[in-house]
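# sequence-free structure coming up:
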């Protein structure tokens, strides 16, 4: 990873040649529930998709479409209904969506991706969807980022700017996700657009690699959805020399893409259902990257740790116990833990600390748990949120 | 498994030659917090222990003690403090407990097991423990079942009676556990006593095998504790012919032991922290027993399923999604699900059903989820509970 920042965040904007819109179709009362984004020219496309074996129709179709040619020009997306567990009818519906968008843009259906999020097991109301698609326009607004929200409390979006050679490029991403957030991509929708020119092989490699360090290291509730995907579109309209694996400028693009994916992943964790705080776990000196990532993710995934943090409780015993329950390699006698920089365990032994001060210190909107395994030289990071009354309320009330 | 019942439940009683007691040492305000059980003669002992690599001092010592000779005559146990993550001091303290009990009973320390449950990372208050041990007597009461309670709302205990040859035998078990309840034994304390004579090898084999089908198939919160164990003591005072692997009467003992372990495991799940209902999952026609058990356990472990059940919501989409996220073998197009006998998914497609009636039907104290995979001929079962405001409250408030 290039540590020098060759990019900077800018106000939300769509990259050159990308347009978007969102409308209300009546699937929900007022808020936009259907949206799209498209590029004026076909874009190089890459993605990662749910590992859930019960894969929803839109996700399966988009994956198939991208894998065929690594090209995509438009993605249509809706909230409210996931079009998952809908059998042949679900496949028909998603094919119809693809066709409607293709006709409207006068492009091939094989250049259209489809995404859905919402309730599993209900058919899409195709009259509403059809009418909605007919209303979509080519705008530069951010409405689409709201159209995919379900229990999200805010839209999650970011734009960064960077130079490739002499060409100024923009990278813009947005994501939705709040519940059913767990491992292995499968966990939310994220769309990233850029006007940079990138070869399909490089784009796919970067997305797979960086999603592993970002989206695949967040968890809200340990549940992996049937629908989710991260899709990146690169239309090349910035006119830079196409990035290939040997390009010197690749490091710049990679660091910018990493920043966007990490920002969106952390935003999803912070907006986890019912969450009052973002939890970041940094594991240092692990025997391997795999071990570090596994331990970091186990800690942000522990219900007991999450509930303790909701209660501002510096309960490091639950962190120790969670580490111990993983199948990662580590020395149980050699674990050091800091909660928001307060040393609480030193080489697996309790340290005296001011519990009231430590508890007060956990009341903020972000908690950092640093774990030193004193074992190897690898690192692992993960992000999650606390477990709250709000989570239970949302998920007991969100009726099917 | 012998399906004919050769045993029957009786009022709680200790088997021949077993005695017990519990006292308050001041670790908590009023309720008993220290207890023991012992046999008047050395008993054959077998156990299963936490798989958490951060294994607490008492659990490590008891395991070591049992493994050495498969003999035990007494077990001393306390709540409030887990004596976990306590290093050399924790090992000293547990050795002292062993010695104190041995002296008091005039037996070898190598016949004494120790168990603790409670807060991780604090040292045992040895003055209180020492004074408490000096007060313990040999009674036939059930106070010890209360002395190990932490966030448990009720003690969990059972006695069954059966005949081996002409000899009437008693099998009595109790357990504690409410939070940190998850896989692989490691998840609560359970002690089972019997006056039946059983060979060490057979006893160990039965405990390992039956714990796998019972205690290892419950989950409350996915967290595996550092302390827990299931220990069975068989003192042989019923004077039956010692059970060996070829004994015809072994089936009777096995079915009685299975009943006791299953009862205690389900009692723990039903008394999960904050639980309002017991959830039982039955997976049928799985490709293998492993697949069946894995899927059953994943369903009772899903936060989204658990929260939906708290809300009396027949949200089968979350069950489907959970099945899909496992790495078990199954056909995603061929899943049939019933919630409390209401068919909701047939071969992976939504079935129309009366949602109000189905929701009303989920309001009871037990919910059964039946999953038919139409795949092989194996089964899997698991037990858990719903995810409630109470769980969050208990675990955000239970301060370290």
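Looks like it arrived, so ask away. Remember, it's a predicted structure, so these values are computed and weren't measured experimentally. Numbers count the residues shown, from 1 in each chain, chains lettered A, B, ... in the order given.

# mind naming the longest helix for chain A?
Using DSSP state H to define each element, chain A has its longest helix at helix A:250-270.

# can you name the next helix or strand after it?
Beyond helix A:250-270 in the direction of the C-terminus, DSSP states H and E gives the next helix or strand as strand A:278-286.

# now the angle from whichever helix or strand comes after that next one to strand A:278-286?
Counting by DSSP H and E, the next helix or strand C-terminal to strand A:278-286 is helix A:289-301. Here helix A:289-301 runs at an angle of 150 degrees relative to strand A:278-286 (axes from the mean of the first three to the mean of the last three C-alpha atoms, to 10 degrees).

# how far does the longest helix of chain A sit from the chain's center?
9 Å (C-alpha atoms, centre = their mean, to the nearest Å).

# list the buried residues for that helix?
A:250, A:252-270 (16 or more other C-beta atoms under 10 Å in any protein chain shown). Quick note: C-beta positions are derived from backbone N, CA and C, even for glycine.

# from the contact counts, what lies against it?
Counting contacts by 3 or more C-beta pairs under 8 Å, 6 or more residues apart in numbering or on different chains; DSSP states H and E, helix A:250-270 packs against strand A:7-10, strand A:156-164, strand A:167-176, strand A:189-194, helix A:200-213, strand A:278-286, strand A:378-385.

# any idea which of these is most buried?
Comparing the helices and strands packed on helix A:250-270 by mean neighbour count (mean count of other C-beta atoms under 10 Å in any protein chain shown), strand A:189-194 ranks first with a mean of 27.

# pLDDT at residue A:187, what is it?
Predicted confidence (pLDDT) for residue A:187: 44.

# likewise residue A:317?
You'll see residue A:317 listed with a pLDDT of 87.

# please apply the same query to the one 5 residues further on.
Confidence at residue A:322, expressed as pLDDT, is 89.

# then residue A:374?
With respect to pLDDT, residue A:374 scores 96.

# who's in contact with it?
Applying C-beta atoms under 8 Å, 6 or more residues apart in numbering or on different chains, we find residue A:374 in contact with A:285, A:331, A:334, A:335, A:336, A:347.

# mind checking the SS state of it?
coil (DSSP: H, G, I helix; E, B strand; the rest coil).

# which strand or helix spans the residue in chain A sticking out farthest from the centre?
What lies farthest from the middle of chain A is residue A:352; by C-alpha atoms, centre = their mean that is 38.3 Å. For residue A:352, there is no enclosing helix or strand under DSSP H and E.

# how far away is it from residue A:313?
For residue A:352, the distance to residue A:313 equals 17 Å [C-beta to C-beta, to the nearest Å].

# residue A:246 too?
Residue A:246 is 51 Å from residue A:313, by C-beta to C-beta.

# do the same with residue A:244
According to C-beta to C-beta, residue A:244 stands 51 Å off from residue A:313.

# neighbour-wise, which of the two wins?
Between residue A:244 and residue A:313, counting by other C-beta atoms under 10 Å in any protein chain shown, residue A:313 is the more crowded of the two (22 against 12).

# looks to me like residue A:394 is in a strand.
No. Assigned with three-state DSSP, residue A:394 falls outside any strand and is helix.

# in the stretch 101-250 of chain A, which residue sits nearest chain B?
Proximity of the stretch 101-250 of chain A to chain B (C-beta to the nearest C-beta) peaks at residue A:120, 2.7 Å away.

# low-confidence bits of the stretch 51-200 of chain A, can you list those?
A:178-187 (pLDDT under 70).

# please redo it, this time with the cut-off set to 90
Along the stretch 51-200 of chain A, the parts satisfying pLDDT under 90 run over A:51-56, A:80, A:82, A:84-87, A:117-122, A:148-156, A:165, A:173-191.

# quick one: the helices in it?
Using DSSP state H, counting those that start in this stretch, the helices assigned to the stretch 51-200 of chain A run over residues A:57-69, A:87-105, A:126-135, A:143-147, A:200-213.

# quick check: the residue of the stretch 101-250 of chain A closest to chain B touching residue B:318?
Yes. If you go by C-beta atoms under 8 Å, residue A:120 and residue B:318 touch, sitting 7.2 Å apart.

# where does residue A:276 fall, phi/psi-wise?
Main-chain torsions, residue A:276, degrees, to the nearest 10: phi -110, psi -10.

# that one reaches residue A:386, doesn't it?
Yes. Counting by C-beta under 8 Å, residue A:276 does reach residue A:386; the two are 5.7 Å apart.

# domains in chain A, by residue range?
Split into domains by automatic domain parsing, chain A comes to A:7-264, A:278-397.

# quick check: end-to-end length of the shortest one?
In domain A:278-397, first residue to last residue: 23 Å (C-alpha to C-alpha, to the nearest Å).

# return the residues in contact with the residue farthest from the centre of chain A.
The contact partners of residue A:352, by C-beta under 8 Å, 6+ apart, come to none.

# do the same with residue A:283
A:292, A:293, A:295, A:296, A:371, A:373, A:379, A:380, A:381.

# which of those residues sit farthest apart?
Farthest apart among the contacts of residue A:283 by C-beta to C-beta are A:373 and A:381. That separation is 13.7 Å.

# what sits in contact with each of those two?
Joint contacts of residue A:373 and residue A:381 (C-beta under 8 Å, 6+ apart) are A:283, A:292.

# quick check: nearest residue in space to residue A:159, chain neighbours excluded?
residue A:172 (4.4 Å; C-beta to C-beta, 6 or more residues apart in numbering or on different chains).

# ok, that neighbour touching residue A:15?
Yes. Residue A:172 is within contact range of residue A:15, at 5.7 Å (criterion: C-beta under 8 Å).

# which neighbours do these two have in common?
In contact with both residue A:172 and residue A:15: A:193, A:194, using C-beta under 8 Å, 6+ apart.

# residue A:357 in helix, strand or coil?
helix.

# which residues touch it?
residue A:342.

# ok so, going back, list the contacts of the residue nearest to residue A:159.
Neighbours of residue A:172 in contact, by C-beta under 8 Å, 6+ apart: A:12-15, A:18, A:157-160, A:192-194, A:260.

# likewise for residue A:110?
By C-beta under 8 Å, 6+ apart, residue A:110 lies in contact with A:65, A:68, A:69, A:71.

# swap in 6 Å and give it another go.
Residues counted as contacts of residue A:110 (C-beta atoms under 6 Å, 6 or more residues apart in numbering or on different chains): none.

# could you do residue A:74 as well?
Counted by C-beta under 6 Å, 6+ apart, residue A:74 has contacts A:38, A:101, A:105, A:112.

# quick check, the last one in contact with residue A:100.
No. Residue A:112 sits out of contact with residue A:100 when judged by C-beta atoms under 6 Å, with a separation of 8.9 Å.

# more neighbours: which of those two?
For residue A:112 versus residue A:100, neighbours defined as other C-beta under 10 Å are more numerous around residue A:112 (26 against 20).

# if anything else comes up later, I'll come back, but that's it for now.
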